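Visitor: After the sequence you'll find the predicted model.
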Amino acid sequence: MEIISRKEKIKDGEAILEEGTWAYYAYVLKSGKAKVFKNINDKPVLLGTLNKGDIFGEVAFLGGAKRTASVIADGDVEVDMIPRDSFFDALNQLPRGLRSKLNALVSDLTFMDEVRGRLTAFLHELQHMRAKMIDLKSFEKEVENMPELLRQVVIAFAKRLNASVEGCTTLGAQTEETVKVIDSLSLPLTK
C-alpha cells in the first residue's frame with residue numbers, strides 16, 4: 001500500500017509544525033535542515049537538528065496528543081507531508097500485536113522526550129548559574145567588617161552556593177554525556 005503525500009516548500013525560519021497544535025500531517029524532510037524546539041518554563045529549548053531523510057510528526061498521531069515540540073526550517077527546506085488518514089490506513093494493515101507494541105513504544109518515547117527536554121533546560125540554566133559562583137577570597141574581604149556571627153553565616157551561604165553549583169555541574173556533565181548518546185541514535189526528536 002502506498003501512502004499518499006504532498007510536497008511543500010518552507011522558507012528559512014518558518015515553522016513546519018508548532019508545539020501545542022493538533023497533528024494532521026507527519027513529515028519527511030526531503031531537503032535542508034530543521035531545528036527542534038520545546039518550550040520549558042516558557043523558554044524555547046533547542047533539542048536537536050533534523051536532516052534530510054528524517055521523519056517527524058508521526059508520534060502525535062499514535063499518542064493522540066498535540067504536538068510536544070516545534071520544528072523550524074533552518075534554511076529553505078522541502079518536506080513530504082503524510083496525511084493522518086493515510087498514515088492510519090497503512091498502520092491498520094499491521095498485525096494487532098505489533099500495533100500494541102508500537103503504542104507502548106510511543107508512550108515510552110513521549111515520556112523520554114519530556115525528560116530530555118527538561119534535562120536540556122537544566123543544562124542551560126546550569127551554565128547561567130556557573131557565572132554566579134562567588135570568588136570566596138574577594139567576598140570574605142567585602143564582609144570582613146560585619147559582626148562575626150553574621151559574617152560566618154554569609155560566608156557559609158556563599159560556600160553552599162558554590163558547592164551546590166559544583167555538584168550540579170558534575171551531574172550536568174553526566175547528563176550531557178547521556179544526551180550525546182541519545183543524539184547518536186539518530187531517532188526522530190519530535191512528535
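Guide: Yes, it's here. Values in this document were obtained by computation on a predicted structure and should not be read as measured data.
Visitor: From now on I want contacts and neighbour counts done on CA atoms only, so please keep to that.
Guide: Fine.
Visitor: Now do the contacts for residue 175.
Guide: Applying Cα atoms under 8 Å, 6 or more residues apart in numbering to residue 175 gives the contacts residue 119.
Visitor: pLDDT score for it?
Guide: Residue 175 carries a pLDDT value of 75.
Visitor: If you count neighbours, what's buried in the helix or strand where it lies?
Guide: Taking DSSP states H and E as the criterion, residue 175 maps to helix 148-184. For helix 148-184, the neighbour count (16 or more other Cα atoms under 10 Å) marks 151, 154-155, 158-159, 161-162, 165-166, 168-169, 172, 175 as buried.
Visitor: List just the nearest of those to residue 76.
Guide: Residue 76 has its nearest neighbour among those in residue 175, at 32.5 Å by Cα to Cα.
Visitor: Tell me where the protein has helices.
Guide: 59-63, 84-91, 96-130, 136-142, 148-184 (DSSP state H).
Visitor: Packing partners of the shortest one?
Guide: With contacts defined as 3 or more Cα pairs under 8 Å, 6 or more residues apart in numbering; DSSP states H and E, the packing partners of helix 59-63 are helix 96-130.
Visitor: ditto for the fourth one
Guide: For helix 136-142, the packing partners by 3+ Cα pairs under 8 Å, 6+ apart come out as helix 148-184.
Visitor: chain center to the helix it packs on, what's the gap?
Guide: Put simply, helix 148-184 sits 22 Å off its chain's centre (Cα atoms, centre = their mean, to the nearest Å).
Visitor: Could you figure out how far it is turned away from helix 96-130?
Guide: 140 degrees (axes from the mean of the first three to the mean of the last three Cα atoms, to 10 degrees).
Visitor: who touches stretch 29-40?
Guide: Contact with stretch 29-40 is made by 19, 44-55, 68-80, 117-118, 121, 189-190, as judged by Cα under 8 Å, 6+ apart.
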